[in-house]
Structure formats: C-alpha cells, structure tokens
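> What follows is a predicted protein model with its sequence.
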Amino acid sequence: MAAKNIVEIDSDLKEIMAPFLVNREKDMTSITEFLASNKIKEIEVLAHKIAGNAGGYGLPDLGKMGKAMEYAAQKSDIENIKKLHQQMKQYLKDLEIKFV
Amino acid sequence: MESKNKTILVVDDDDDLQILLSKILKGSGFSTISANSVETGLEALKSHVPHLVLVDLNLGEHNGYQFLQAKKELSGFEDVPVVLLTAHTNKKAISHGLALGALDFIAKPISSLVLLQKIKKHLKSHQFPTIHFPKPEMISITTDASLSHICEVGCLIKSPIKFANDTNIDIQSSYLKELKIENIKYHTVGDSRYSSTGTYQTETAFLGISEKNAKQIRTLKTYARKN
C-alpha cells in the first residue's frame, strides 16, 4: 500500500478544497479521454490551468506536474504526457490534507 | 488602507481560481465581482466601476491584452487600475501588458500574500478623484430631531445638527400634522446652542402661520412629563 502524501494546508482553504479536488479528478478523466482521441492542444490547456491554480490551493507539486505536462503537450511528447498523467493520478490518490 | 467598501473585479475563465481569489479577497474585507471573459469583464467594469481589476492574461479564446485595449477605448474608466494575472513571466509578455495600461502583474501560482500586498499598494496610489465645486452646490439634509416645546410664534427643536441664525428649515412631524401646521416654513432664531445631551437646541420661528393655527396652539394644554 502506497504511503500517504501528507500536505499541510492553511485552514482558510478548508471549505474550498473539496470542490477543487473533485475538479482535479474530473481533469484526470478528461486527460484520459483527450489522450484516447489525440487532443493534445486540449491537454495543454488543461495542464496550463492546473499549473496556474494548484499552487494557490497549497499543492505546488501538483502545479509543477501541470507545468511539465503543459510543456510536454507543446512538444507533442505523448509518452511524457502519459507518464505525468499517471503521476498526477497517483499524487491525488495518495494525497492527505492536514489543515493547519 | 481600508479594504471595506472596496470592490475588486476578477476576470478569469478558471472557476477554481475565481473561487480561490474570491476567498482570499473576501477574507481581507474586499467585495468581489467575477467575470469569465473579456466581454463579461467589460460589462462588469461599466456596471460596477470596481476599485481595481484583476485580469488573467489567458482567457481561453481571448486574452487580458484585449481587455486592456478595450478598457482604454472606454471613456471614464481611466482611473480603474488593472493588474494582470499570468503564468507567463517573460519580459516581453509583461511589457506588452504594461504598455497597454496594466499597472502590475502577479505571477501564477498565486501567493495570497503577494496578491494582497499588490492590491493594497495599487489601491493606495490610485484613489478615485475628489470633485471640488467652484461654487458650493446647494443640497438639503434630512435628520431626526425632537420637538422640545411649541408656542404660537415658534418651537424649540433638539437635533444633531447645528444651525446658523436665520436658516430656513422644513419640519415634518405627526404632532404638527395633527395641528395642521405641518406645511409651515420655519427659520432659526439665533445660532443653535450645544446641550449636555450632545444635541443642539435651536429656537425656530414660524413663517406665515395663520391666526387660526396660532389660536389652536394658544389653546393647547401644557404637558408635564411624569417620568
């Protein structure tokens, strides 16, 4: 069983974190669909969004993965996109938030 | 700087970022308005005249530059400061935005500390103009006051306002209405005197009271407060 990734986040974000994470799960599903239909531009746009907003929600690592995926999409590097997609899904699966 | 009564317009097509920014800004006492495109952003700018606009450089099909360009073409909104939100921190992108009228930029991912510091800085340096009248504009003021006593020539009122001698005032009162003298004009007699209760006592004289009304007042009984 993978160790939980415990992230401490400002308690001011408590009430908006759950909907944010739900939207990120939706993003993971969207990326799966985009990969299946080779919609690389759409992946770039989505990854750019994650890169821009994850850090503000206290999840900079997720933001960095988004940034990396954005660059991979710009280069049409499908293998890297897939790899980063798996990393993001695992990150979200292992994520445990501690509000401080 | 007081954030209360200050409104920030956020133009961003990212719902999650809108929610985050709204949370941060409201937590600091600002009111917020959301728009998700250049078009709705411009509509919100015109209808709300916010104190500051945060606009994302990337707005889907459009971009923050288009918002800035369109805002420049509007008359009367020159004093509304705009700060760009951008993940693109290259000098060329930022210079272009500043050349179009943005005052500053905030890099994504957003730091709440940086966001609030920059907003407060630009609100402080961009006060909306104070309009001075070359000749004083005449206005009327309504205030609550109490009627202390009345006689056939006038009445004494207590109010939070100090009146100068010979000021014309209108008095609305259910008591005076019962006496059918609510449409009488009054003018102050002498300057108001400050009382220990924190109000001003002002003697007023009726202007043009009829003999019928004066007789009515003469026949009023004197009321002594029991408490």
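Right, received. Where do you want to start?
> which other residues reach stretch A:56-72?
A:7-10, A:13, A:16-17, A:20, A:24, A:43-44, A:47-55, A:80-81, A:84-85, A:87-88, A:91-92, A:95, A:97, B:16-17, B:20, B:108-112 (Cβ atoms under 8 Å, 6 or more residues apart in numbering or on different chains). C-beta: built from backbone N, CA, C; applies to glycine.
> Filter those down to the buried ones and express that as a PyMOL selection.
Buried subset of those, written as a PyMOL selection, criterion 16 or more other Cβ atoms under 10 Å in any protein chain shown:
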select buried, (chain A and resi 7+13+17+20+24+43+44+47+48+49+50+51+52+53+54+55+81+84+85+88+91+92+95+97) or (chain B and resi 16+17+20+108+109+110+112)
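> Just the contacts of stretch A:56-72: which are in strands?
Using DSSP state E, the members of those that fall within strands are A:7-9, A:95, A:97.
> which two in the residues you listed are spaced the farthest apart?
Using Cβ to Cβ, the two most remote members of the ones in strands among the contacts of stretch A:56-72 are A:8 and A:95, lying 11.9 Å apart.
> Next to chain A, which bits of chain B? Give me the list.
Residues of chain B lying near chain A by Cβ under 8 Å from any Cβ of the partner chain: B:14-17, B:19-20, B:23, B:27, B:58, B:87, B:108-112.
> Give me the number of neighbouring residues for residue B:202.
Residues near residue B:202, counting by other Cβ atoms under 10 Å in any protein chain shown, number 27.
> do you know how far it is from residue B:141?
14 Å (Cβ to Cβ, to the nearest Å).
> Check chain B for its longest strand and report it.
Looking across chain B with DSSP E, the single longest strand is strand B:200-207.
> Kindly format the C-alpha coordinates of it as PDB.
Taking Å, rounded to 0.1, in the frame of the first residue of the first chain, the C-alpha atoms of strand B:200-207 are listed here in PDB:
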ATOM      1  CA  TYR B 200     -28.100  71.200  19.600                       C
ATOM      2  CA  GLN B 201     -31.100  73.200  20.700                       C
ATOM      3  CA  THR B 202     -32.500  75.500  18.100                       C
ATOM      4  CA  GLU B 203     -35.200  78.100  18.500                       C
ATOM      5  CA  THR B 204     -37.300  78.400  15.400                       C
ATOM      6  CA  ALA B 205     -39.900  80.900  14.400                       C
ATOM      7  CA  PHE B 206     -42.900  80.200  12.200                       C
ATOM      8  CA  LEU B 207     -43.000  81.900   8.900                       C
END
